[in-house]
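S.K.: Provided below are the primary sequence and the corresponding predicted coordinates.
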Amino acid sequence: DIVMTQSPLSLPVTPGEPASISCRSSQSLVDINGYNYLNWYLQKPGQSPQLLIYLGSNRASGVPARFSGSESGTDFTLKISRVEAEDVGVYYCMQARQTPYTFGQGTKLELK
Amino acid sequence: QLQLEESGPGLVKPSETLSLTCTVSGGSMSSTSYHWGWVRQPPGKGLEWIGSIYYTGSTYYNPSLRSRVTLSVDLSNNQFSLRLRSVTAADTALYYCVLLYGSSTSPNFINWFDPWGPGTQVTVSS
């Protein structure tokens, strides 16, 4: 199985400040066309996970521009340029390169 | 716009079978790009993929659960279902159904999981 490792697991952030979450996969997630099959999800309190980023760096429909995803080999980063109150929740990375699809442990973002 | 909703018993006895159904509305289940899946989340823990099914009936299971899981699809009612046998307290979780959007019939190289259903809590207890 591909292991997804996130850091940090807890992230206190002051509103208006930037935030960054890292995710590392134990194997390459790239296909022959160069796409990384890595997604980012946000699970707000009491809600289902919602898609933020797909294929490593593409924002899903309706996701604010303050969210961005980047890739470097098997290292992936989710960045929030300026954290807002509505961004509170648990962020998960997930690989969909092959079954079994696997998630990171989750990063809990909270406001200072 | 596709919407998914889970339904089924919220309480299951140990050693019995957990059965859930996901109803899909707002579109057809038969797109060549659509796989239909289940993900669960134990209380206070992370997310675990259980398995997926293609509209043709092809299934893919997490090896950790394969011996106890069966997925099925009912295109006439726009539903797909999960059966998990011989449940224990460790199967207590919030169960989500979800659309897996891919570029082909293969379960590999799935572009994203979206949308998700609201989730249904299942507790295993006597």
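M.R.: Nice, thanks for sending it over. Numbers count the residues shown, from 1 in each chain, chains lettered A, B, ... in the order given.

S.K.: Report the beta-bridge partners for the spatially closest residue to residue A:7 that is not a sequence neighbour.
M.R.: Spatial nearest neighbour of residue A:7, chain neighbours left out: residue A:22 (5.0 Å); criterion: Cβ to Cβ, 6 or more residues apart in numbering or on different chains. Every C-beta, even on glycine, is put in place using the N, C-alpha and C of the backbone. When bridges are called by DSSP bridges, residue A:22 pairs up with residue A:7, residue A:77.

S.K.: Tell me which residues touch residue A:22, please.
M.R.: A:6-7, A:75-77 (Cβ atoms under 8 Å, 6 or more residues apart in numbering or on different chains).

S.K.: Which of the residues you listed sits closest to chain B?
M.R.: The shortest gap between chain B and any of these belongs to residue A:6, at 9.6 Å (Cβ to the nearest Cβ).

S.K.: if I read this right, the closest one contacts residue A:105, doesn't it?
M.R.: Yes: counting by Cβ atoms under 8 Å, residue A:6 does reach residue A:105; the two are 5.4 Å apart.

S.K.: More neighbours: those two, which one.
M.R.: Legend: neighbour count by other Cβ atoms under 10 Å in any protein chain shown for residue A:6 and residue A:105, higher for residue A:6 (20 against 17).

S.K.: Please, which helix or strand holds the closest residue in space to residue A:106 that isn't next to it in sequence?
M.R.: The spatially closest residue to residue A:106, leaving aside those adjacent along the chain, is residue A:90, at 4.5 Å (Cβ to Cβ, 6+ apart). In this structure, residue A:90 sits in strand A:89-95 according to DSSP states H and E.

S.K.: does any bit of the longest strand seen in chain B sit next to chain A?
M.R.: Ranked by residue count and defined by DSSP state E, the top strand of chain B is strand B:93-102. Yes: using Cβ under 8 Å from any Cβ of the partner chain, we find that strand B:93-102 touches chain A at B:96, B:100.

S.K.: and the residue nearest the centre of chain A, how far is that from residue B:118?
M.R.: Against the mean C-alpha coordinate of chain A, by Cα atoms, centre = their mean, the closest residue is residue A:40 at 3.3 Å. When Cβ to Cβ, to the nearest Å is applied, the distance between residue A:40 and residue B:118 equals 20 Å.

S.K.: So which residues on chain B come close to chain A?
M.R.: Selection of chain B residues close to chain A by Cβ under 8 Å from any Cβ yields B:46-49, B:52, B:60, B:62-64, B:96, B:100, B:107-114, B:116-119.

S.K.: In strands, which of those fall?
M.R.: Reading strands off the residues of chain B next to chain A with DSSP E, I get B:48-49, B:52, B:60, B:96, B:100, B:110-114, B:116.
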